[in-house]
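Enquirer: need a 3D model of the sequence below.
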Amino acid sequence: MAEPDPQAADHAHQLFAASAKYADISWSEEGAEPRWLGMDTSTCAAAINPSHFASRGADEFERFLSGAASRGEPALIIATMGNVNDAGLRNVFSRYNARVDFPHFTGSIAGKRLPAGAEVSLAPDLDAADRDLGLRLRNRPADAPWWAMALQPIHSEGPQGTTVHKPEGELAPILVDTLGEPVVARWTPSDGQQIWYLIPDAVDWDTVVGWIVQQALPAHNPAALRRARSPHSMNADLETPAEKQARVALEELERRYTDDKARLQADLEQARQEADPVRSGLLYGTGSELEGAVAAVLRAAGFTVTELDVELGAPKSADLLAVLEQETCLVEVKSASGAASEKLVTSLQRHLEKWPQLRPHQPVTCSAMIINHQHRLDPAQRPTEVYPRNQHKEFVDALTFPVLATGQLFDWWRAQDWSAVRTAVLGRPHPGRTSKPTTAQNTTSTAQKRRFWRRSGGSGSA
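Expert: Numbering: from 1, shown residues only. So this is what the prediction gives:
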């Protein structure tokens, strides 16, 4: 492995700092043998922070590249982005304060140091080697710095002015920050002869060297392991039956895991797409979004729902007409960013008075008010009841229909407790064919339930 790239002006200080950085690596325990400045690097399997400066590692790096090319192997290179001891910007005209250059290729990768405490996560669709590296580096200390990376062109000055050379190759993210910018990445040129891994400064180099031997070389250059007779490489033609059986079983397990994970991720995505409109509408919605979410829950509970604003035109009647067998329920849906005003219920009372004129052939048997109250608060911080009895005792006692919070409706919808939805809307139990009564519902009398809904509008959390 080649000597790290010295960046400071004082070459002697660079060599001392580099040797100190790698002095504690347990090379032999990780199955590796280092090569330093002045040693032959043509047979190396990987290079760590190689230098392209003359007399400072450039010759050793060139021999490493030539050796890999002569064997038809990709050159595996690990490069550090940034300097943990340098927190300031070097150029006031650039937002980047670190860079990794690629000898023989145009362009470079610039790094922007992120604020302390930056959160990172694995990029999607990683292969086994890249995922393993990401997991190892994600476990660095919480105060270890990260650099967001981006490919940058190279500008050159000539007789005709400034020429911009587009960056070559592809930068594939392994770990990304919350904005999706890579903080650990793999760069490969178009010819595929080199594979660069860009990692942040301040890493556990034992972990990185272990990853090179156990993951990177088997994935990218298994021939190097075979030449060294590494235990991490074995020719399948030389395996015993027991080894082959175990290896094939492990490979099959990994394939099943990959297939199962992809299937479950697709199921989760589909379930979320179906649930999000109802969840968002019930907990945060207003207007038509809220009405649509309430209608979806009522339909799931077995009601036939008519959106009256569409059929009759707003605001002639209440928002919804919910029919369940012999029950016909007029439902008014409202929202309140703060505490719900008692005046809200007057809208349903007016609609009940006008209904016989609109549909004389279809009398209502019940009615319900559903309100998304305090919707600017987190759902866990909202009062369970729209009108808490200790604040609205006389008002609650005078109500002739249930007033439900959409948070209650959400809890029943999420639990698929359709019996609770029917009981809440109708103001009394109505098992129906899809009934799934809870223990509490079985042990509560009808009279008790009527009083309960009149007073509080239901139970549950919002």
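
Enquirer: quick one: V100 from P145, how far?
Expert: In this view, V100 and P145 are 16 Å apart by CB to CB, to the nearest Å. Where you see a C-beta, it was placed from the backbone N, CA and C, and this is true even at glycine.

Enquirer: for the most centrally placed residue in the chain, helix, strand, or coil?
Expert: Centroid check for the chain by CA atoms, centre = their mean gives S121 as the closest residue, at 7.7 Å. Here S121 is strand, with the state taken from DSSP: H, G, I helix; E, B strand; the rest coil.

Enquirer: could I get the buried residue list for the lengthiest strand in the chain?
Expert: Assignment by DSSP state E gives strand 327-336 as the longest strand of the chain. Within strand 327-336, the residues that count as buried by 16 or more other CB atoms under 10 Å are E327, T328, C329, L330, V331, E332, V333, K334, S335, A336.

Enquirer: who are the packing partners of it?
Expert: Counting contacts by 3 or more CB pairs under 8 Å, 6 or more residues apart in numbering; DSSP states H and E, the secondary-structure elements packed against strand 327-336 are helix 287-300, strand 320-324, helix 345-358, strand 366-373, helix 418-426.

Enquirer: give me the distance from the third one to the chain's centre.
Expert: So the one you mean is helix 345-358. For helix 345-358, the gap between its own C-alpha mean and the chain's C-alpha mean amounts to 47 Å (CA atoms, centre = their mean, to the nearest Å).

Enquirer: what does it contact?
Expert: When contacts are taken as CB atoms under 8 Å, 6 or more residues apart in numbering, the neighbours of helix 345-358 outside the stretch itself are 312, 316-318, 330, 332, 334, 363-364, 367, 369, 399, 401, 403.

Enquirer: quick one: which two of those residues are the most distant?
Expert: Comparing every pair within these by CB to CB identifies L312 and L399 as the most remote, at 25.2 Å.

Enquirer: more crowded one of those two?
Expert: For L312 and L399, the more surrounded residue by other CB atoms under 10 Å is L399, and the numbers stand at 18 against 15.

Enquirer: phi and psi next, for that one.
Expert: phi -70, psi 140 (degrees, to the nearest 10).

Enquirer: can you give me the pLDDT of it?
Expert: L399 carries a pLDDT value of 91.

Enquirer: do you know how far it is from E353?
Expert: Look at L399 and E353: by CB to CB, they are 16 Å apart.

Enquirer: then I154?
Expert: Applying CB to CB to I154 and E353 gives a distance of 78 Å.

Enquirer: so between these two, which is more surrounded?
Expert: More crowded of I154 and E353, by other CB under 10 Å: I154, with 16 against 9.

Enquirer: adding distance to A380, write the contacts of helix 345-358 out as TSV.
Expert: Formatted as TSV, the contacts of helix 345-358 follow (distance: CB to CB, whole Å):
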residue	distance to A380
L312	37
K316	37
S317	34
A318	30
L330	31
E332	26
K334	22
P363	40
V364	35
S367	30
M369	23
L399	26
F401	27
V403	21
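
Enquirer: ok, so of those, who is nearest P189?
Expert: Lowest distance from P189 to the contacts of helix 345-358 (CB to CB) belongs to K334, with 61.9 Å.

Enquirer: tell me what the closest one is bridged to.
Expert: When assigned by DSSP bridges, K334 has beta-bridge partners I371.

Enquirer: who are the contact partners of it?
Expert: A340, L344, S347, M369, I370, I371, N372 are the contacts of K334 under CB under 8 Å, 6+ apart.

Enquirer: try it again with 10 Å
Expert: For K334, the residues meeting the contact criterion (CB atoms under 10 Å, 6 or more residues apart in numbering) are 286-287, 290-291, 319, 340-341, 344-345, 347-348, 369-373, 386, 403, 406.

Enquirer: quick check, nearest of the contacts of helix 345-358 to G111?
Expert: The nearest one, if we look at the contacts of helix 345-358 relative to G111 and count by CB to CB, is K334, at 52.6 Å.

Enquirer: and that closest one, how close does it get to F401?
Expert: Applying CB to CB, one obtains 13 Å for the distance of K334 from F401.

Enquirer: check E342 too.
Expert: Counting by CB to CB, the gap from E342 to F401 is 14 Å.

Enquirer: likewise S70?
Expert: Relative to F401, S70 is positioned 86 Å away (criterion: CB to CB).

Enquirer: who has more neighbours out of these two?
Expert: The residue with more neighbours, out of S70 and F401, is F401; 22 against 9, by other CB under 10 Å.

Enquirer: for that one, which non-adjacent residue is closest in space?
Expert: The spatially closest residue to F401, leaving aside those adjacent along the chain, is S367, at 4.4 Å (CB to CB, 6 or more residues apart in numbering).

Enquirer: quick check, the one you found in contact with P402.
Expert: Yes: in this structure, S367 sits in contact with P402. The criterion is CB atoms under 10 Å, and the distance is 8.6 Å.

Enquirer: can you list residues touching both of those two?
Expert: By CB under 10 Å, 6+ apart, S367 and P402 have these common neighbours: V425, L426, G427.

Enquirer: ok, the contacts of helix 345-358 vs F64, which is closest?
Expert: The closest of those to F64 turns out to be K334 (CB to CB; 72.1 Å).

Enquirer: tell me, how many neighbours does the spatially closest residue to V120 that is not a sequence neighbour end up with?
Expert: Sequence neighbours aside, L175 is the residue nearest to V120 in space, at 4.7 Å (criterion: CB to CB, 6+ apart). Neighbour count of L175, defined by other CB under 10 Å: 22.

Enquirer: for L175, give me the pLDDT.
Expert: Among the per-residue scores, L175 holds a pLDDT of 97.

Enquirer: okay, now the unreliable bits of this protein?
Expert: Counting by pLDDT under 70, the ranges of the chain that qualify are 1-20, 87-94, 228-235, 430-462.

Enquirer: in CSV, list the C-alpha atoms belonging to stretch 270-279.
Expert: Extracted in CSV, the C-alpha atoms of stretch 270-279 (Å, rounded to 0.1, in the frame of the first residue of the first chain):
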residue,chain,number,x,y,z
GLN,A,270,-47.8,0.5,-1.3
ALA,A,271,-49.3,0.5,2.2
ARG,A,272,-48.0,4.0,2.9
GLN,A,273,-49.3,5.3,-0.4
GLU,A,274,-52.7,4.0,0.5
ALA,A,275,-52.6,5.2,4.1
ASP,A,276,-51.0,8.6,3.6
PRO,A,277,-54.1,10.4,2.2
VAL,A,278,-56.4,9.2,5.0
ARG,A,279,-53.8,9.8,7.7
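
Enquirer: for that stretch, buried residues please.
Expert: Of the residues in stretch 270-279, those with enough neighbours to count as buried (16+ other CB under 10 Å) are V278, R279.

Enquirer: for it, which outside residues touch it?
Expert: Among residues not part of stretch 270-279, those counted as contacts by CB under 10 Å, 6+ apart are 285, 289, 292-297, 300, 379, 409-410, 413-414.
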